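S.K.: how does the following fold in three dimensions:
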Amino acid sequence: MKLDKAKVVDELWDESRIDSFLAKGPMGEESAEFSMLLHAYRSMRAEDFKRFIIKFTQQGHDVGAKDLQGRTLADIIRSHTKATPFREILEQA
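M.R.: Purely as a prediction, here's the structure:
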């Protein structure tokens, strides 16, 4: 994080904001499903990510979507030290 940027901790994550992540297009050549998952993981707190995953799966999307290298989001974040809550959410889905 740049020193001139303040960390935002109390953002409002209402339903419409979470829903907006379900309409995100693909990042580069990645699939739309994987891109939505990665973007949500990078942007949301764990409790908001859980709400997103519920909606994501209810719409028939696959939490096991893979990137171009054949990795799922769970595979990628396995080594992230603060990602345990996110991994658990993905495993429960």
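
S.K.: could you report the pLDDT at residue 20?
M.R.: With respect to pLDDT, residue 20 scores 94.

S.K.: confidence score at the spatially closest residue to residue 77 that is not a sequence neighbour?
M.R.: Leaving aside its sequence neighbours, residue 77 sits nearest to residue 83 (Cβ to Cβ, 6 or more residues apart in numbering; 4.1 Å). (Glycine included, C-beta is placed from N, CA and C.) What the model reports for residue 83 is a pLDDT of 92.

S.K.: residue 91 versus residue 83, what's the distance?
M.R.: 12 Å (Cβ to Cβ, to the nearest Å).

S.K.: when the two are compared, which one has more neighbours?
M.R.: residue 83 (18 against 9; other Cβ atoms under 10 Å).

S.K.: from what I can see that one touches residue 74, true?
M.R.: No. Contact criterion Cβ atoms under 8 Å: residue 83 and residue 74 do not qualify, at 9.1 Å.
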